[in-house]
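**Q** sequence and predicted model, in that order:
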Amino acid sequence: MNNSKSLHVKETGINQEGKLLQQFLQLIPDLWCVVTKDGCYQQLNGYCWKTLLGWDESELIAKPMLAFVHTEDIEVTSKALSELKKNQIVEINLRHQHSDGSYRWISWRINKNADELICGIGKEIILNKLQDELEYQSYLDSDKSTYQLIDSVSQKVELIKKKLQQTQQKIDSIKSEYKQNSNTVINQNSNSSYIVDFYELEKQIQDTHSYEKLLQSLFIAQEENNLDKIIANVPQGILLLDSECKIILANQNGRDNLKLIAEIDSNNIVTRLGGEAIEKLVNSGEEKIIRKLIPHDFPEQTFEVVIQLLIPELNQNQWLVTIHNISSFVQNELEVHKALQKEKELNILKSSVVNTVSHEYRTPLTNILLGVQLLKKYHGKLDSERQMRCFEHIEQSTKHLVQLVDNMLLINQAESDKFELQRTSLNLVLFTEQLVEDLKLIRGSYHTIKFSYKCSCNEAYLDSTLLQQILSNLLCNAMKYSPDGGEINLDLLCDNNAALFKVKDQGIGIPEQDRQKLFESFQRGSNAGKIRGSGLGLVIVKRCVELHGGEIWFDSVVGNGTTFYVKLPF
């Protein structure tokens, strides 16, 4: 009995410790998780995961960790997990999927325990950088050797301003002491060049310079050596110009970039910047000038130049010139613009597909339905002639529907490069005559197709299936877009090397503004009006011609018809 109570007490203690541990872990502001040896989430702090990545705990537990990792990071993550040794701590950065489909960079510290369970704590990298910047700013305030840590021009400018303020405070303090007991101070510090130098500079202030000019001159004198070290490894180009625009300080990147976008005379004076006179720029009255420049000899490069006034004194101006190579940003912006334009085109195409398919498919389906309903309703009451007309109407609508489906399949094959060219020996005259006769039977006698030929060869090696697609689509379009009927001319000219087909109609013609996109999917002439069509026929024709290594072009006059030319080499 006592043993039972003891066991119960131990279990209760363990449960309490587990609850306390769970409560403690839930208070951790970072992501944490436990992953099984199979790579699935076993435990995590759901609130933080929901806040940072949008996932509920139920959506993650027992799910593979790699299923939420960016595809480009899966290999690195898998390798890190597989090579992880027991009690070893490893850091790894990876992109974790957010519930909205985007990705967040997470920095993980992971280890493996004796039970092969992997534990990890993760922080979003953006937050880490922010914390580092705050710590870094605190480090700057401590007045330590900060120049080696500077990695951006904006931080350098802020640092210089801060150092300038600190220097001013020191000098104010020394000046105050000096005025209170100047003789004592100088006598006690006779070996201090700093105090003596200050005394001499104080005299210079009264003679020629303002007090602000003295502070900046003193700061520059103190930091000149350090400035060279600071800007030497900065990725941006850094230059310091005097009032005459002469270069008095520059890093290597600044010199290299300046050669591409500026003109410099023999006295090391910058005369022109990107085609503009530098004198005009610095005398514009602006304290900060920004220009985006593209070198004439290197049009793929783009630079952003920032000219900032540092010392606003008459005839004593100094200008800080910062040159940023923004070529990658410009390229990325261009790619984003192209992607957005492509997405816009795809949306338009999708809308065209929906409209075309819904309209073109609805018409034959409606005709078939009406024909069937008519036969069903008046079954036994219609004479044989009316029944035959209904059947023919249903048959024609079915063929039209099959043709639409075939066209969609052909377009899909063409875009996925599944079209295959199978050349066989053809008698072009007989082949074309048979095709024309078939079209006459299908289309009726509303249009007259006149075929003429002039050939010096008995056979040609072409793909008969693709050739049929070319000629039938061109002839059908000629009849379709000649709503008033009339004559369709099909001419064939051939020699021992190639065949030239010419299809001419007397239809509505093609407007000038529609011709450039006429061979694109679902594109039709703006004057088509209520004429039925899917906008796929010419796309199929062009692809079939290209597979033969041929050419296609056309002439058109609005209101007077169109002539298409197809040249196919044997």
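**A** Great, that's in hand. A quick note: this is a predicted structure, and the numbers were derived from the prediction, not measured. Numbers count the residues shown, from 1 in each chain.
**Q** going forward, measure contacts between C-alpha atoms and count neighbours the same way
**A** OK.
**Q** and the closest residue to Asp514 other than its chain neighbours, how close does it get to Thr563?
**A** In this structure, Asp514 finds its nearest non-sequential neighbour in Gly525, 5.7 Å apart by CA to CA, 6 or more residues apart in numbering. In this view, Gly525 and Thr563 are 15 Å apart by CA to CA, to the nearest Å.
**Q** neighbour count winner among those two?
**A** Thr563 (20 against 17; other CA atoms under 10 Å).
**Q** quickly find the element holding the more buried one.
**A** strand 561-569 (DSSP states H and E).
**Q** likewise Leu538?
**A** Judged by DSSP H and E, Leu538 forms part of helix 537-547.
**Q** one step back: packing partners of the strand holding Thr563?
**A** strand 498-504, helix 537-547, strand 551-557 (3 or more CA pairs under 8 Å, 6 or more residues apart in numbering; DSSP states H and E).
**Q** contacting residues around the closest residue to Asp265 other than its chain neighbours?
**A** Distances taken as CA to CA, 6+ apart put Thr271 closest to Asp265, at 6.9 Å, once the chain neighbours are dropped. By CA atoms under 8 Å, 6 or more residues apart in numbering, the contact set of Thr271 is Cys245, Ala262, Glu263, Ile264, Asp265, Ala277, Ile278, Glu279.
**Q** three-state assignment of Thr271?
**A** Following DSSP: H, G, I helix; E, B strand; the rest coil, the label given to Thr271 is strand.
**Q** ok, back up a step: weakest of the helices and strands packed on strand 561-569 by average pLDDT?
**A** Among the helices and strands packed on strand 561-569, helix 537-547 carries the lowest mean pLDDT, at a mean of 89.
**Q** next one: the helix or strand Gln469 falls within to chain centre, how far?
**A** In this structure, Gln469 is located in helix 464-480 according to DSSP H and E. A distance of 40 Å separates the centroid of the chain from that of helix 464-480, by CA atoms, centre = their mean, to the nearest Å.
**Q** show me what that helix is packed up against.
**A** Applying 3+ CA pairs under 8 Å, 6+ apart, we find helix 464-480 packed against helix 428-443, strand 486-494, strand 498-504, helix 537-547.
**Q** neighbouring contacts of the longest one?
**A** In other words, helix 428-443. With CA under 8 Å, 6+ apart as the criterion, helix 428-443 contacts Ile449, Phe451, Tyr453, Asn458, Glu459, Ala460, Gln468, Ser472.
**Q** next one: the residue lying closest to Asn427 once chain neighbours are set aside from Cys494, what distance?
**A** Leaving out its chain neighbours, the residue that sits closest to Asn427 by CA to CA, 6+ apart is Glu459, at 4.7 Å. Going from Glu459 to Cys494 by CA to CA gives 10 Å.
**Q** looking at the two, which one has more neighbours?
**A** It is Cys494, of Glu459 and Cys494, that has more neighbours when counted by other CA under 10 Å, with 21 against 16.
**Q** need the contact list for that one.
**A** Applying CA under 8 Å, 6+ apart to Cys494 gives the contacts Lys454, Cys455, Ser456, Cys457, Leu500.
**Q** if you set the cut-off to 6 Å instead, what comes out?
**A** Contact analysis of Cys494 by CA atoms under 6 Å, 6 or more residues apart in numbering lists Cys455, Leu500.
**Q** what about Gln236, neighbour count?
**A** Neighbours around Gln236, by other CA under 10 Å: 20.
**Q** how about Ile289?
**A** Neighbour count for Ile289, taken as other CA under 10 Å: 15.
**Q** does it belong to a helix or a strand, and which?
**A** Assessed by DSSP H and E, Ile289 sits inside strand 288-293.
**Q** list the buried residues for that strand?
**A** Within strand 288-293, the residues that qualify as buried are Leu293, counting by 16 or more other CA atoms under 10 Å.
**Q** and for stretch 521-532?
**A** For stretch 521-532, by 16+ other CA under 10 Å, it's Ser521, Phe522, Gln523, Arg524, Gly525.
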